[in-house]
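**Q** What shape does this take:
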Amino acid sequence: MAMSGPPSSRRGRGRPPMAEINVTPLVDVMLVLLIIFMVTAPLLVTGVPVNLPETRAKALDEDQKPTVVSIDRDGGLFINDAQISDADLPDRLAEIMSANAGKAEPPQIFLRADTALDYGRVMRVMGELNRAGLNKVALVSTDAGSNAGSASGGSE
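**A** The predicted model follows:
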């Protein structure tokens, strides 16, 4: 048996170390990722188009006194300072709609909700308003500079 030196001593003698990087696989991977993002990005943008309110909302012009629907911190429901139950809400909204039946537009509704409430609770009340045909709803908030309430937005 012939003895030979360690294999590492022969490896680097004939050629210099390879100092270049093959970028073709990198470009291929990047193009595949680009195609994946181009295909999936339009699928992520689904939903309802929303007009976002300005940061300083102006008060709405009022022709008549609006109906105020309020939800307090505990989830209690009020229409013009009279407390009602969730089961009575559809009937009361139907009364409001029938009282305004002869007019061209639906009555103005101001919705006031406590900041500590669950978003789903507010949306259930808004859904009942919409189902009753009361589509002119303004969300009431306080102005950052004062303690007075102001109505902003609206849906129609």
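**Q** surely residue 73 meets residue 113?
**A** No: with contact defined as Cβ atoms under 8 Å, residue 73 does not count as touching residue 113 (9.5 Å). C-beta: built from backbone N, CA, C; applies to glycine.
**Q** can you give me the strands in the protein?
**A** Remark: strands assigned in the chain by DSSP state E are 67-71, 77-79, 82-84, 109-113, 137-142, 149-155.
**Q** Could you list the low-confidence segments of the chain?
**A** Residues of the chain meeting the criterion pLDDT under 70: 1-13, 44-64, 141-156.
**Q** Longest helix in it, please.
**A** helix 24-44 (DSSP state H).
**Q** I'd like to know which elements that helix is packed against.
**A** The helices and strands touching helix 24-44, judged by 3 or more Cβ pairs under 8 Å, 6 or more residues apart in numbering; DSSP states H and E, number zero.
**Q** list the contacts for the nearest residue to residue 122 once chain neighbours are set aside?
**A** Computed as Cβ to Cβ, 6 or more residues apart in numbering, the closest residue to residue 122 that is not its neighbour in sequence is residue 113, at 4.8 Å. Contacts of residue 113 were listed using Cβ atoms under 8 Å, 6 or more residues apart in numbering, and they are 70, 71, 121, 122, 125, 139.
**Q** So which of those is the closest to residue 43?
**A** Among these, residue 122 lies closest to residue 43 (Cβ to Cβ), at 28.5 Å.
**Q** re earlier: report the two of the contacts of residue 113 separated the most.
**A** 121 and 139 (13.9 Å).
**Q** neighbour count winner among the two?
**A** Applying other Cβ atoms under 10 Å to residue 121 and residue 139 shows that residue 139 carries more neighbours, namely 18 against 15.
**Q** Name whatever forms a beta bridge with the more buried one.
**A** residue 111, residue 152 (DSSP bridges).
**Q** can I assume it is in contact with residue 123?
**A** No: between residue 139 and residue 123 there is no contact under Cβ under 8 Å: 11.8 Å.
**Q** Now the common contact residues for those two.
**A** Counting by Cβ under 8 Å, 6+ apart, nothing touches both residue 139 and residue 123.
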